[in-house]
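# The sequence and its predicted three-dimensional model are supplied below.
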Amino acid sequence: MPAMPISRRNLLLAASAAPLFAPLLAPLASHAQGNTWPTRPVHLVVGFPGGSTPDIAARVLAEALARALGQPVVVDNKPGASGNIAADFVAKATDDHTLGIVINGNLTSSKLLYPSLPYDPARDFTELSLLVTAPLVLVALPSLPSGPTFFDAARVAGDKWNYGSVGVGSVGHLGMELLKSRVRGFAPVHVPFQGNPQVITAMLGGQVQMALVPPGVAMPQVRTGKIKAIGLTSGRSPLAPEVAPLANAGVRDFDLEVWAALLGPASLSKAAQERIAHELGPIMKSADVRQKLFDQGWQAVGTSPDGMRARVKKEAAIMAGIINAQGIKLE
């Protein structure tokens, strides 16, 4: 077919037809633009040491994301201050190639616990996805009763019983304080430790009677009979299929999970956001990725940014209630 001659009439026809094709071409242009990112290695900052559950989730994601992006994704561990050091590092990043893995507290409770927190969870980040979740397991000494009778015994014991957590303001600490607000007369005393292994050791030694810990920490000890599972802080979970929800023990209006989320600084470009959204959906649905996360005590979720924001808003309100009621503050 001969080429159409270039003329003023043909140029006018092409211009008039352009609006008809613009809606079809826009998504292609947007996707092409998104594919210009990343131009160099991406750094995935984690506020906890290597081998921790957030670190494990980050490394599973980094491996899959590197394949999808065609650039290395480097996990940078910046532990300290319950993940707030790393969160602040991400908030202040300006290179468009720094992302972060954060946990519940960094977005839902840190601002209330640390009045001088150097970042603002509501303004300093670009929410990308709630990646993984896990319930907590209320575990206790094997000599203690099970089900509703556990709480009957706890009421009698009052403040003579202790519970362990990985520190003031941790999800294990705030979750137990929330549980105390839901169960009348339940009043165990908080004893903080450096990590969950130390909490379990203290339980085995009889220093504390109970704790809220992730299934990956709890279930190996439960299955050997060294400690007892009283219930889950959410509904039934494949991560601990033999453990009933705490609702079965008479606890009402109590639903709590630990989670890890992906975010970037507030300055993160639209190109980066679009590319991450394009690649992350298939990654989080991948059977291989889901199994790797499951084996490490996580359930893959992979929400939209809106889904992540809704979850943070809901939990922040719950945590604000318990922190304000108890007057909990950290510096």
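Nice, thanks for sending it over.

# Now do the strands in the chain.
42-46, 73-77, 98-103, 125-135, 137-140, 162-165, 189-192, 210-213, 228-232, 257-265, 299-300 (DSSP state E).

# got a markdown table for those strands, with mean pLDDT too?
Below are the strands of the chain laid out as a markdown table (pLDDT from 0 to 100):
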| stretch | mean pLDDT |
| --- | --- |
| strand 42-46 | 98 |
| strand 73-77 | 97 |
| strand 98-103 | 97 |
| strand 125-135 | 97 |
| strand 137-140 | 97 |
| strand 162-165 | 96 |
| strand 189-192 | 95 |
| strand 210-213 | 96 |
| strand 228-232 | 97 |
| strand 257-265 | 96 |
| strand 299-300 | 96 |
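
# CSV for these, including mean neighbour count?
All C-beta spots, glycine's among them, are computed from the backbone N, C-alpha and C. Listed next are the strands of the chain as CSV, based on neighbours: other Cβ atoms under 10 Å:
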stretch, mean neighbour count
strand 42-46, 23
strand 73-77, 17
strand 98-103, 26
strand 125-135, 24
strand 137-140, 26
strand 162-165, 24
strand 189-192, 15
strand 210-213, 26
strand 228-232, 23
strand 257-265, 25
strand 299-300, 20
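
# Can you add distance to Gly250 and give these back as JSON lines?
Conversion of those to JSON lines gives the following (distance: least, Cβ to Cβ, whole Å):
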{"stretch": "strand 42-46", "distance to Gly250": "38"}
{"stretch": "strand 73-77", "distance to Gly250": "41"}
{"stretch": "strand 98-103", "distance to Gly250": "29"}
{"stretch": "strand 125-135", "distance to Gly250": "18"}
{"stretch": "strand 137-140", "distance to Gly250": "13"}
{"stretch": "strand 162-165", "distance to Gly250": "18"}
{"stretch": "strand 189-192", "distance to Gly250": "22"}
{"stretch": "strand 210-213", "distance to Gly250": "16"}
{"stretch": "strand 228-232", "distance to Gly250": "10"}
{"stretch": "strand 257-265", "distance to Gly250": "20"}
{"stretch": "strand 299-300", "distance to Gly250": "26"}
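
# between those strands, which one is nearest to Ala62?
strand 73-77 (4.1 Å; Cβ to Cβ).

# Can you list the helices and strands that that closest one packs against?
strand 42-46, helix 53-69 (3 or more Cβ pairs under 8 Å, 6 or more residues apart in numbering; DSSP states H and E).

# Serialize those to JSON lines and add fields for distance to Pro188.
Formatted as JSON lines, these follow (distance: least, Cβ to Cβ, whole Å):
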{"stretch": "strand 42-46", "distance to Pro188": "31"}
{"stretch": "helix 53-69", "distance to Pro188": "24"}
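
# Output the below-cut-off pLDDT ranges for this structure.
1-35, 331 (pLDDT under 70).

# any idea which of the helices and strands packed on strand 73-77 is most buried?
Comparing the helices and strands packed on strand 73-77 by mean neighbour count (mean count of other Cβ atoms under 10 Å), strand 42-46 comes out on top with a mean of 23.

# Now do that strand against helix 53-69, angle only.
Here strand 42-46 runs at 170 degrees with respect to helix 53-69, directions being taken by axes from the mean of the first three to the mean of the last three Cα atoms, to 10 degrees.

# Residues contacting strand 42-46, please?
Here strand 42-46 makes contact (Cβ atoms under 8 Å, 6 or more residues apart in numbering) with 52, 54-55, 58, 61-62, 65-66, 69, 71-78, 86, 89-90, 97-101.

# and that strand, which strands flank it?
When pairing is defined by DSSP bridges, strand 42-46 lines up against strand 73-77 (parallel), strand 98-103 (parallel).

# Only alpha carbons, please: show it as CSV.
C-alpha atoms of strand 42-46 as CSV (Å, rounded to 0.1, in the frame of the first residue of the first chain):
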residue,chain,number,x,y,z
VAL,A,42,17.0,-1.0,45.0
HIS,A,43,17.7,-1.0,48.7
LEU,A,44,15.1,-2.7,51.0
VAL,A,45,15.7,-1.4,54.5
VAL,A,46,14.6,-3.6,57.4
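
# one step back: quick one, which of the strands paired with strand 42-46 gets closest to Lys111.
strand 98-103 (12.8 Å).

# which residues sit against the closest one?
By Cβ under 8 Å, 6+ apart, strand 98-103 touches 42-48, 54, 57-58, 61, 83, 86-87, 89-90, 128, 131, 171, 258-265, 268, 276.

# chain center to that strand: distance?
10 Å (Cα atoms, centre = their mean, to the nearest Å).

# related to what we said a few turns ago, of all the strands paired with strand 42-46, which lies closest to Gly195?
Using Cβ to Cβ, the strands paired with strand 42-46 put strand 98-103 closest to Gly195, at 13.9 Å.

# could you give the angle of that closest one to strand 125-135?
Using the same axes, to 10 degrees: strand 98-103 against strand 125-135 is 40 degrees.

# that older thread, so for Met284, which of the strands paired with strand 42-46 sits nearest?
Nearest of the strands paired with strand 42-46 to Met284, taken as Cβ to Cβ: strand 98-103 at 13.7 Å.

# re earlier: would you reformat the strands paired with strand 42-46 as JSON lines and include distance to Ala240?
Output for the strands paired with strand 42-46, formatted as JSON lines (distance: least, Cβ to Cβ, whole Å):
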{"stretch": "strand 73-77", "distance to Ala240": "27"}
{"stretch": "strand 98-103", "distance to Ala240": "19"}
